[in-house]
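J.: Prediction below, plus the sequence it came from.
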There are 2 protein chains.
Amino acid sequence: MSAEASSDPLFGKRVTVEQVEEGHDLAPKFDSAGLIPCVTTDFHSGEVLMVAVMNREALARTIETGEAHYFSRSRQQLWHKGATSGLVQKVVEMRIDDDQDCVWLRVNIAGGASCHVGYRSCFYRRVPVGAERQTGTTLEFMEHAKAFDPKAVYGDAPNPTQL
Amino acid sequence: MSAEASSDPLFGKRVTVEQVEEGHDLAPKFDSAGLIPCVTTDFHSGEVLMVAVMNREALARTIETGEAHYFSRSRQQLWHKGATSGLVQKVVEMRIDDDQDCVWLRVNIAGGASCHVGYRSCFYRRVPVGAERQTGTTLEFMEHAKAFDPKAVYGDAPNPTQL
């Protein structure tokens, strides 16, 4: 853990495994790139909306404001979700996992959407598994219409998907 | 994408952004370490149980068997979840995200648990956010008893938590 981390009043030092796993201090572990993954689910439906990463600033802003902030790896900057699209995510609950290297946000999106392709969830396709594969191995779309038109919202901004 | 990938009949080639985002082919993106993150939720409660990673073999085994397989970074080997503890995760549904660099498993754990510390979910603590912080900034435990005794299940196996 860097010296910078221990000087941040929001985040505690990681001292022992017991303290990290069984304690009451928030002592998150950022990876070598300074990032921590975050799973975001819809508070009402339980659906996984997206998985992204946060840096220290994004995690601190999310805790302070109650609105989801991430770190955009494609743009290499703080990303206040909804700043462009208006589809802000209000945090109803934040959880941290056992070893504190992953965050779970339960958010309210007020009928909105979270996927840059225009769907409600980024996880709009099902992969046939096990016995299901006997009826086909192609991805099945679980959302049949987009919640918004990405062209109208993002215009000609670069698509974040990398091949 | 490596030559190995294109020769794997389960996984398609990533050719265009449109094919990856809007198509019916499973064409997952593994990172430079050959891994893809996976969020696992309880099919019944919607609770996020854990976040882990898969390599090609783990993803293929999960698809073929319908039981969750991951890649253990601490042990550097294929990890059939539940092989030690008996707490196997039966996959009810697998989803893939827009750019196919993240997997979501919805699993049935039949009343069991998924966290090596002994809790049902790895995300057993809540972080106060926004206005909640006025009533305290310490983590709040959301599970008040462990689902199993990790000492009895794992014995003296090394704890995977890294400081």
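T.: Arrived safely.
J.: Show me the helices in chain A, by range?
T.: A:3-6, A:17-22, A:56-65, A:150-154 (DSSP state H).
J.: can you pull the contacts of the residue nearest to A:Thr161 when sequence neighbours are not counted?
T.: Using CB to CB, 6 or more residues apart in numbering or on different chains and skipping the chain neighbours, the partner closest in space to A:Thr161 is B:Asp99 (4.0 Å). For glycine as for every other residue, the C-beta is placed from the backbone atoms N, C-alpha and C. By CB atoms under 8 Å, 6 or more residues apart in numbering or on different chains, the contact list for B:Asp99 reads A:160-162, B:20-21, B:29.
J.: Can you add pLDDT, neighbour count and distance to B:Gly82 and give those back as JSON lines?
T.: Listed next are the contacts of B:Asp99 as JSON lines, based on pLDDT from 0 to 100; neighbours: other CB atoms under 10 Å in any protein chain shown; distance: CB to CB, whole Å:
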{"residue": "A:Pro160", "pLDDT": "85", "neighbour count": "14", "distance to B:Gly82": "35"}
{"residue": "A:Thr161", "pLDDT": "88", "neighbour count": "20", "distance to B:Gly82": "34"}
{"residue": "A:Gln162", "pLDDT": "88", "neighbour count": "12", "distance to B:Gly82": "34"}
{"residue": "B:Val20", "pLDDT": "95", "neighbour count": "23", "distance to B:Gly82": "32"}
{"residue": "B:Glu21", "pLDDT": "94", "neighbour count": "22", "distance to B:Gly82": "33"}
{"residue": "B:Lys29", "pLDDT": "97", "neighbour count": "18", "distance to B:Gly82": "27"}
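J.: so where is chain A shaky, pLDDT-wise?
T.: A:1-8 (pLDDT under 70).
J.: A:Asp70 against A:Lys81, yeah?
T.: Careful, residue A:70 is Tyr; it's not Asp. Yes: using CB atoms under 8 Å, A:Tyr70 makes contact with A:Lys81 at a distance of 6.1 Å.
J.: May I have the beta-bridge partners of A:Val39?
T.: A:Val51, A:Trp104 (DSSP bridges).
J.: what's the neighbour count on it?
T.: By other CB atoms under 10 Å in any protein chain shown, 26 other residues sit near A:Val39.
J.: List the contacts of the closest residue to A:Phe71 other than its chain neighbours.
T.: Leaving aside its chain neighbours, A:Phe71 sits nearest to A:Asn55 (4.2 Å; criterion: CB to CB, 6+ apart). Counting by CB under 8 Å, 6+ apart, A:Asn55 touches A:30, A:34-36, A:71, A:78.
J.: Specify which member of the residues you listed is nearest to chain B.
T.: The nearest member of the contacts of A:Asn55 to chain B, counting by CB to the nearest CB, is A:Ile36 at 10.6 Å.
J.: For the closest one, list the residues it contacts.
T.: A:Ile36 touches A:28-30, A:53-55, A:59, A:101-103, counting by CB under 8 Å, 6+ apart.
J.: for A:Ala58, same thing?
T.: A:69-71, A:78-79.
J.: which residues in chain A form strands?
T.: A:36-42, A:48-54, A:69-72, A:77-80, A:90-96, A:103-108, A:125-127, A:140-141 (DSSP state E).
J.: Looking at those, which is nearest to B:Thr16?
T.: strand A:125-127 (16.2 Å; CB to CB).
J.: how far out from the middle of the chain is that closest one?
T.: Relative to its parent chain, strand A:125-127 has a centroid offset of 19 Å by CA atoms, centre = their mean, to the nearest Å.
J.: Ok, stretch A:33-46 next?
T.: Using CA atoms, centre = their mean, the offset of stretch A:33-46 from its chain centre is 3 Å.
J.: distance between the ends of that stretch?
T.: 30 Å (CA to CA, to the nearest Å).
J.: Buried residues, that stretch. List them.
T.: A:35-43, A:46 (16 or more other CB atoms under 10 Å in any protein chain shown).
J.: Pick the one among these closest to chain B.
T.: Of those, the one sitting nearest to chain B (CB to the nearest CB) turns out to be A:Gly46, at 2.5 Å.
J.: hang on, isn't the closest one packed against B:Gly46?
T.: Yes: taking contacts as CB under 8 Å, A:Gly46 lies within contact range of B:Gly46: 2.5 Å.
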